[in-house]
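[1] no sequence on hand, only this structure:
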């Protein structure tokens, strides 16, 4: 009971202080992340035995045994219906560590997340592939959840999610939503993907594309008239396209480029920046599968894509990362230092600032 009480005190502290993450690491004090900054919440380091006690409480004996064999494990934990957490257990040189990510009880909307209005159009698509990309902690899962929630509220679809673990719990509105947790409701991503084709789905959410086999199946699903939404740990539209193509053997590159050109409907590539109010804000690069973009991908003219994104802002709602940052700067949300720190082309951004001054 003492272990449970201490764990829940840590998690409640995270929630009460508007933190996003809790870190329990053997050999270090407990830390929480608030507005991107890690802050210690106790003086004394946690012994490895205490971190293992937390793990046994969360996982139970069977899954705890699996963690000891695999050396890392993903899970979820709930304090109650409104406070849920995604968890990763992993071993490091001092012993065991546990990283908790707070999952909001309600799916935030586009306005609440400060996302560009043009992203709403993705929720109205009937088929194709949409990828939300960015580094760890950039808000990919939350953006995906906002798109799924908008589909749920505006369209009558069967939405299947395959996640490891399930993060946001969706409340059905106009759509039917079947959420499947890998290990709990299915043995693997691949099994669940194969089975989905017998489950009459319209929209498929994959928590993350982790393997070539998953990518093949995702493209197949998009090619058979379904809308597929997933995430990748890439930064920028061009890197995302290259990462997908390079997942395949070299002799398949030409064919997959052709397929991707036809199926890719959007890349939402985001990073979080700290604004003047200390609130974390998304800077979002947006690619849409316009005829011009499709032609560029098909003909291996990736180097021209950024220019096309920047030129399609008014017509299509596309934009580069640097355009997104300039928008935040001109609205007063971020300062010049933040603008330069996150710019893709800092020298060009400095010329922009010099011109203003």
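    Here it is on my side, so go on. Treat the numbers as computed from the prediction; the structure is a model and nothing was measured.

[2] what count of nearby residues applies to residue 179?
    Neighbourhood size, residue 179 [other CB atoms under 10 Å]: 16. In short, each C-beta sits where N, CA and C put it, glycine included.

[3] pLDDT (mean, whole number) over the longest helix belonging to the chain?
    Residue-count comparison of every helix in the chain, with assignments taken from DSSP state H, identifies helix 48-70 as the longest. Averaging the model's pLDDT scores along helix 48-70 yields 95.

[4] give me the residues contacting that helix.
    Applying CB atoms under 8 Å, 6 or more residues apart in numbering, the set of residues contacting helix 48-70 from outside is 3-4, 6-7, 24-27, 73, 75, 77, 87, 89, 94-98.

[5] 7 Å instead?
    3-4, 7, 24, 26, 73, 75, 77, 87, 89, 94-98 (CB atoms under 7 Å, 6 or more residues apart in numbering).

[6] and the helices in the stretch 51-200 of the chain?
    Using DSSP state H, counting those that start in this stretch, the helices of the stretch 51-200 of the chain run over 140-154, 189-196.

[7] how about the residue nearest the centre of the chain, what does it touch?
    In the chain, the C-alpha nearest the mean C-alpha coordinate belongs to residue 140, at 2.2 Å (CA atoms, centre = their mean). Each residue near residue 140 by CB under 7 Å, 6+ apart is listed here: 132, 133, 134, 231.

[8] for residue 80, see how far away the first one is.
    Just to be clear, that refers to residue 132. Taking CB to CB, to the nearest Å as the measure, residue 132 and residue 80 are separated by 28 Å.

[9] I'd assumed residue 292 was in a helix, is it?
    Yes: the assignment for residue 292 by DSSP: H, G, I helix; E, B strand; the rest coil puts it in a helix.

[10] can you offset everything so residue one is 150?
    Happy to do that; since the first residue is 150 now, the last one works out to residue 441.

[11] three-state assignment of the nearest residue to it once chain neighbours are set aside?
    If you skip the residues right next to it in sequence, residue 441 has residue 457 as its closest partner in space, 5.4 Å away by CB to CB, 6 or more residues apart in numbering. Residue 457 carries the three-state label helix when classified by three-state DSSP.

[12] neighbours around residue 457, how many?
    The number of residues packed around residue 457, counting by other CB under 10 Å, is 20.

[13] now residue 420: phi and psi?
    Geometry field for residue 420 lists phi and psi as phi -140, psi 150, criterion degrees, to the nearest 10.

[14] can you name the residues bridging to it?
    The partner list for residue 420 in beta bridges (DSSP bridges) reads residue 432.

[15] contact partners for it?
    With contact taken as CB under 7 Å, 6+ apart, residue 420 is in contact with 283, 284, 287, 432, 491.

[16] helices along the stretch 350-499 of the chain, start to end?
    Secondary structure of the stretch 350-499 of the chain, counting by DSSP H, counting those that start in this stretch: helices at 361-372, 386-395, 402-412, 440-447, 454-460, 462-465, 470-479, 485-491, 495-505.

[17] would you mind measuring from residue 323 to residue 301?
    6 Å.

[18] more neighbours, the two?
    In terms of neighbours (other CB under 10 Å), residue 301 is the more surrounded of residue 323 and residue 301; the figures are 22 against 11.

[19] how about the contacts made by the more buried one?
    When contacts are counted by CB under 7 Å, 6+ apart, residue 301 touches 308, 319, 321, 322, 323, 324, 326.

[20] all set now, cheers.
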